[in-house]
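Enquirer: Okay, predicted coordinates and the sequence, questions at the end:
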Amino acid sequence: MLRQIDVDCPRTVPDVTFFQHPQIQKSLERILYTWAIRHPASGYVQGINDILTPFLVVFLSEHLHGNMDTWSMESLSLQDISNIEADCYWCLSKFLDGMQDHYTFAQPGIQRLVFRLKELVHRIDEPVSKHIEEQGLDFLQFAFRWFNCLLIREIPFHLVTHLWDTYLAEGDYLPDFLVYISASFLLTVS
């Protein structure tokens, strides 16, 4: 499990230099590993590293000001880093509590969302649905990543916190919202 976390940490938001900082990599590793051992039903699943990033940015922004490209970890004390990691861990835990079946064996929660997306697109834009089918594509081939990473890898990172503001406001209705936003995402690019 730790080996997979160590592989995924450098892959976390690779186009944002700040996430490649050794201290950030270490914080990601500690938070993800702690979450994984405290949630043995799922353990660590790829994609959870992406879900952690908005929390990390928000809590770091309380201490580091200006553009993220200019942030310096050297200005943080070890106590600040420890507090940020604890806050991120608890927020990640609370956030994922309502979506545990997205990150357990066979990821049935994500499978359900993909099925609902397929049905919704078929209902609202049958030609697009038909085109996808004629091309031999399965919704699982692209929508799985969307739901697994909550679209973090699909949009510019500077917009992620705006999207997550809505995610958090949706609360228990987040899965429904994800299906609708993914449908609009798909239909916009179609």
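Expert: Everything's here; your move.

Enquirer: only C-alpha atoms for contact and neighbour calcs from this point on.
Expert: Fine.

Enquirer: May I ask you to confirm that Met1 is in contact with Tyr44?
Expert: Yes: at 6.4 Å, Met1 and Tyr44 qualify as touching, with contact defined as C-alpha atoms under 8 Å.

Enquirer: Pick out whichever of these two has more residues nearby.
Expert: For Met1 versus Tyr44, neighbours defined as other C-alpha atoms under 10 Å are more numerous around Tyr44 (22 against 13).

Enquirer: While we're on that one, how confident is the model there?
Expert: Looking at Tyr44, its pLDDT is 93.

Enquirer: so what's it closest to, chain neighbours aside?
Expert: What sits nearest to Tyr44 in space, not counting adjacent residues and going by C-alpha to C-alpha, 6 or more residues apart in numbering, is Ala36, at 4.8 Å.

Enquirer: just to revisit the earlier point, okay, and the common contacts of Met1 and Tyr44?
Expert: Shared contacts of Met1 and Tyr44, defined by C-alpha atoms under 8 Å, 6 or more residues apart in numbering, comprise Tyr33.

Enquirer: so what's Val45 up against?
Expert: Contacts of Val45 (C-alpha under 8 Å, 6+ apart): Tyr103, Thr104.

Enquirer: Next, it: secondary structure please.
Expert: coil (DSSP: H, G, I helix; E, B strand; the rest coil).

Enquirer: All further residue positions should be reported with the first residue as 233.
Expert: Shifting the count to begin at 233 puts that one at Val277.

Enquirer: Please report the distance of it from Ala338.
Expert: In this structure, Val277 lies at 11 Å from Ala338, with C-alpha to C-alpha, to the nearest Å as the measure.

Enquirer: that older thread, my guess is the residue nearest to Tyr276 contacts Ser274. True?
Expert: Yes: proximity of Ala268 to Ser274 meets the contact threshold set by C-alpha under 8 Å, at 7.3 Å.

Enquirer: which helices and strands does the helix of greatest length in the chain pack with?
Expert: Of all the segments assigned as helix in the chain under DSSP state H, the longest by residue count is helix 310-329. Helix 310-329 sits against helix 254-270, helix 280-293, with contacts defined as 3 or more C-alpha pairs under 8 Å, 6 or more residues apart in numbering; DSSP states H and E.
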